[in-house]
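Structure, please.
(chains A and B)
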Amino acid sequence: MYEYDQYDQAMVDARVEEFRDQARRRLEGKLTEDQFKPLRLMNGLYLQLHAYMLRVAVPYGTLDSRQMHALADIADKYDRGYGHFTTRQNIQYNWIKLEDAADILADLAKVEMHAIQTSGNCIRNISSDHFAGAAADELVDPRPYAELLRQWSSFHPEFSYLPRKFKIAVIASETDRAAMRLHDIGINIVTNEAGELGAAFYVGGGMGRTPMIAPCINPFVPLDRLVTYAEACLRVYNRYGRRDNKYKARIKILVHELGAEEYTRQVEEEFVHLLDQGVEPPLAELERIKGYFEDPAFDTGANARIDRSDPDFAVWVDRNTVEHKEPGYVSAVISLKPVGGIPGDATAEQMRLMADLAKDYSFDELRVMHTQNIVLPHVRKADLHALWAALDEAGLGSPNLDTVEDIIACPGLDYCSLANARSIPIAQRIAERFAANGKTGTLGELKLKISGCINACGHHHAGHIGILGVDRKGVENYQLLLGGSEAEDVSLAKITGPGFDENGIVDAVETVTTVYENERQDGERFVDTYRRIGMNPFKEALYG
Amino acid sequence: MRLLTGNDLKTGAVTWWTGSDWSIHVEDAVDVTGSEDEIARSEEAARRVNVPYAVDAELHEGSPRPSHIKERVRAIGPTVRPDLTLKPADPEIGNWVI
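Next up is the predicted model:
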């Protein structure tokens, strides 16, 4: 894992003290809310429905047990005993007091964490593959490149006031586990015909009110030009992005309006201009960073066989573990989606348990998934049963990864001041419905995503089944969408037709899964069947 | 009727104007119809509450009940965490919100 050097630590510590002074002045009445708001947002502090909310960055979703313990302590000491893991691999606390906020940031700084650039029109936390460094199919570990970009983008003076927020994802495999093409910039580390590593740049993707899939603007940028090329992409956006209209200010609108070809031409022009400007850090810096992401000391002789004699354990292994590059290991996914629970929420006690299990069984590493679960990336197969038993006892053993119960849901109207409708109760009721009718397992991979407003924090555009909550004359109403994907088969979901009320949407989800069951061919997932038969059979079943 | 609401500066807690002070309990709120702008201005100047604003409400069993669901959720707390709401033991809480 990356460790702060003296510069990182000094910057974060200085920022804590700066914010402490800003918060003090606000509490003393020396700053108005209008003056203070941009300052608190730069430090991840929002004002939500019930209280201040603090969003803490988890760079590319990677944590160690010490950091997870610190997050648990913050939940107990300053919040109400729990935290919420988000679709940006971060964690949010919902009940923060302004008078505590600087102390929380100071506690975070002690474990090399912060909340900087988790809000505002800047480059946000850079996300990555949650199985990075473990995945059997990856070319290289993408996290050193994400870390290099994190350092470049932190406090970047030119990109602190972009037209709108800016999100970057970095992966290094053909399988996309980070919704890479639904980011402002998606970077895939690839090889060229000569076998050299480079970066494919996809620019102008995103969800929100105008969902778009990022086109590839350059299939191979040499790695010693990675930062310069990213800077060129940002510079063109910063210059021409729509600052006159918040709803047209994301880079996807610029790329769409200019056309990918013209945008690319301008980026290439800017890239050439930047080449002799000294933007690129020396390769030695990348090598230094890589040193922090070397493989742990895997037991290469570890037994690759799993004792599956315990049937409940076997179900969990089949559902919640993923192939690892070392045959004696797997990556184990801890589901934060117990049936009837709140997707992504974990109590302080659960966080401490996950931290301790990471220390005991996963070389002290955890990952936050954008699907709001937690990964222990490197677990010896021989340790899996002990791990599962401990998780199961703590209510963390739900065997439902990538099933209809593994729902992404934004906080929705229960917490969020932007939301129009509640998301969490819908997720709970759908999970309960399928747990009760016993179809969770038989439906196979089914990605269901719910957003409580058009901002799409719940990724509804990218769900095999998506749900969007809207406000219809003061009453919650839910639109149903089908056919989205945020993986390598990326696609945007389409609305089925008129929306449903709170009860109707749960029935509607069951209805479309019944169509799938009746129509599916061997090996087809829900989204495959949808793509083959189209929308009409689903519409007929829903609306008659 | 109209209620004046905001979030407490220090804690962020949802608060309601009682006629002389702020309360976290919506049942303490008073009708501010006609004077909402004036009170909001003076209270914002006092800097105890963040950006106070007025919402529509009606009387429900003798107590004010905000008209819009968002304000009802604000008044009570997250519907999915009854243990954290202001009426933790009230089994009818969901009905009041919805």
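
Which parts of the stretch 151-300 of chain A are strands?
Applying DSSP state E, counting those that start in this stretch to the stretch 151-300 of chain A gives strands spanning A:168-171, A:185-191, A:197-203, A:216-222.

Can you pull out the low-pLDDT segments for the chain?
Unless you meant another one, I'm taking chain A. Within chain A, not a single segment meets pLDDT under 70.

Let me rephrase: I mean chain B.
The model of chain B has pLDDT under 70 over residues B:88-89.

Tell me where the longest strand sits in it.
Looking across chain B with DSSP state E, the single longest strand is strand B:49-60.

Can you give me the buried ones in stretch A:519-534?
For stretch A:519-534, the neighbour count (16 or more other C-beta atoms under 10 Å in any protein chain shown) marks A:520, A:524, A:525, A:526, A:527, A:528, A:529, A:530, A:533 as buried. Using the backbone N, CA and C atoms, a C-beta is placed for each residue, glycine as well.

my guess is the fourth one meets residue A:448, correct?
If I follow you right, that is residue A:526. No - in terms of C-beta atoms under 8 Å, residue A:526 does not count as a neighbour of residue A:448; the distance is 9.2 Å.

what touches both of the two?
Residues touching both residue A:526 and residue A:448 (C-beta atoms under 8 Å, 6 or more residues apart in numbering or on different chains) are A:464, A:465.

Tell me how many other residues crowd residue 58.
Using chain A here. Residues lying near residue A:58 (other C-beta atoms under 10 Å in any protein chain shown) number 23.

You answered for a different chain; I wanted chain B.
Around residue B:58 there are 9 residues (other C-beta under 10 Å).

Dig out what it forms beta bridges with.
For residue B:58, the beta-bridge partners are residue B:65 (DSSP bridges).

quick one: residue A:91 from chain B, how far?
Look at residue A:91 and chain B: by C-beta to the nearest C-beta, to the nearest Å, they are 17 Å apart.

err, residue A:480, not the other one
21 Å.

Just to check, that residue is in contact with residue A:494?
No - in this structure residue A:480 lies outside contact range of residue A:494 using C-beta under 8 Å: 9.9 Å.

what's the nearest residue to residue A:191 once chain neighbours are set aside in contact with, if anything?
Of all residues not flanking residue A:191 in the chain, residue A:197 sits nearest, at 5.9 Å (C-beta to C-beta, 6 or more residues apart in numbering or on different chains). Shown in contact with residue A:197 (C-beta under 8 Å, 6+ apart): A:139, A:140, A:189, A:190, A:191, A:223.

one step back: put together JSON lines for the strands of the stretch 151-300 of chain A, with distance to residue A:129 on each row.
Listed next are these as JSON lines, based on distance: least, C-beta to C-beta, whole Å:
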{"stretch": "strand A:168-171", "distance to residue A:129": "5"}
{"stretch": "strand A:185-191", "distance to residue A:129": "10"}
{"stretch": "strand A:197-203", "distance to residue A:129": "14"}
{"stretch": "strand A:216-222", "distance to residue A:129": "18"}
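
what does the stretch 101-250 of chain A have sitting close to chain B?
Not one residue of the stretch 101-250 of chain A sits near chain B, judged by C-beta under 8 Å from any C-beta of the partner chain.

host element of whatever residue of the stretch 101-250 of chain A ends up closest to chain B?
The stretch 101-250 of chain A approaches chain B most closely through residue A:101 (9.8 Å), counting by C-beta to the nearest C-beta. Using DSSP states H and E, the element containing residue A:101 is helix A:98-110.

quick one: buried residues of that helix?
Quick answer for helix A:98-110 (16+ other C-beta under 10 Å): A:98, A:100, A:101, A:102, A:103, A:104, A:105, A:107, A:108, A:109.

Identify, out of the strands of the stretch 151-300 of chain A, the most deeply packed stretch.
The highest mean neighbour count among these, using mean count of other C-beta atoms under 10 Å in any protein chain shown, belongs to strand A:168-171: a mean of 28.

Can you tell me what sits against that strand?
Strand A:168-171 is contacted from outside by A:60, A:123-124, A:126-129, A:142-143, A:145-146, A:149, A:153, A:177-180, A:183-189, A:230, using C-beta under 8 Å, 6+ apart.

hmm, back to that, run through the neighbouring helices and strands of the helix holding residue A:101.
helix A:6-27, strand A:52-56, helix A:65-78 (3 or more C-beta pairs under 8 Å, 6 or more residues apart in numbering or on different chains; DSSP states H and E).

Make JSON lines out of the ones you listed and add mean neighbour count and distance to chain B.
Shown next, in JSON lines, are the helices and strands packed on helix A:98-110 (neighbours: other C-beta atoms under 10 Å in any protein chain shown; distance: least, C-beta to the nearest C-beta, whole Å):
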{"stretch": "helix A:6-27", "mean neighbour count": "16", "distance to chain B": "7"}
{"stretch": "strand A:52-56", "mean neighbour count": "24", "distance to chain B": "4"}
{"stretch": "helix A:65-78", "mean neighbour count": "20", "distance to chain B": "12"}
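
can you tell which of those is closest to residue A:543?
Between residue A:543 and the helices and strands packed on helix A:98-110, the shortest gap by C-beta to C-beta is with strand A:52-56, which sits at 38.3 Å.

Run the chain-centre distance for the closest one.
Mean-position distance between strand A:52-56 and its chain equals 16 Å (C-alpha atoms, centre = their mean, to the nearest Å).

what's the angle from that strand to strand B:49-60?
Here the directions of strand A:52-56 and strand B:49-60 differ by 120 degrees (axes from the mean of the first three to the mean of the last three C-alpha atoms, to 10 degrees).

Strand A:52-56 versus helix A:65-78: what angle between them?
Using the same axes, to 10 degrees: strand A:52-56 against helix A:65-78 is 170 degrees.

strands paired with strand A:52-56, and their directions?
For strand A:52-56, pairing defined by DSSP bridges yields strand A:45-47 (antiparallel), strand A:91-96 (antiparallel).

and residue A:437, which of those is closest to it?
strand A:91-96 (32.1 Å).

Contacts for that closest one, please.
A:45, A:48, A:50-56, A:58, A:71, A:74-75, A:78-80, A:83-86, A:104, A:368, A:411, A:415, B:12, B:78, B:84.

residue contacts, residue B:17?
Contacts of residue B:17 by C-beta under 8 Å, 6+ apart are B:3, B:4, B:5, B:29, B:30, B:32, B:39, B:43, B:52.

Just the buried subset of these, please.
B:3, B:4, B:5, B:29, B:30, B:32, B:43, B:52.

Which of the residues you listed fall within helices?
Among those, the members falling in helices (DSSP state H) are residue B:43.

Could you tell me how many residues sit around residue A:260?
Neighbour number of residue A:260 under other C-beta under 10 Å is 16.

got a list of what it touches?
A:203, A:204, A:215, A:217.

Identify the residues contacting the third one.
Shown in contact with residue A:215 (C-beta under 8 Å, 6+ apart): A:202, A:203, A:204, A:255, A:260.
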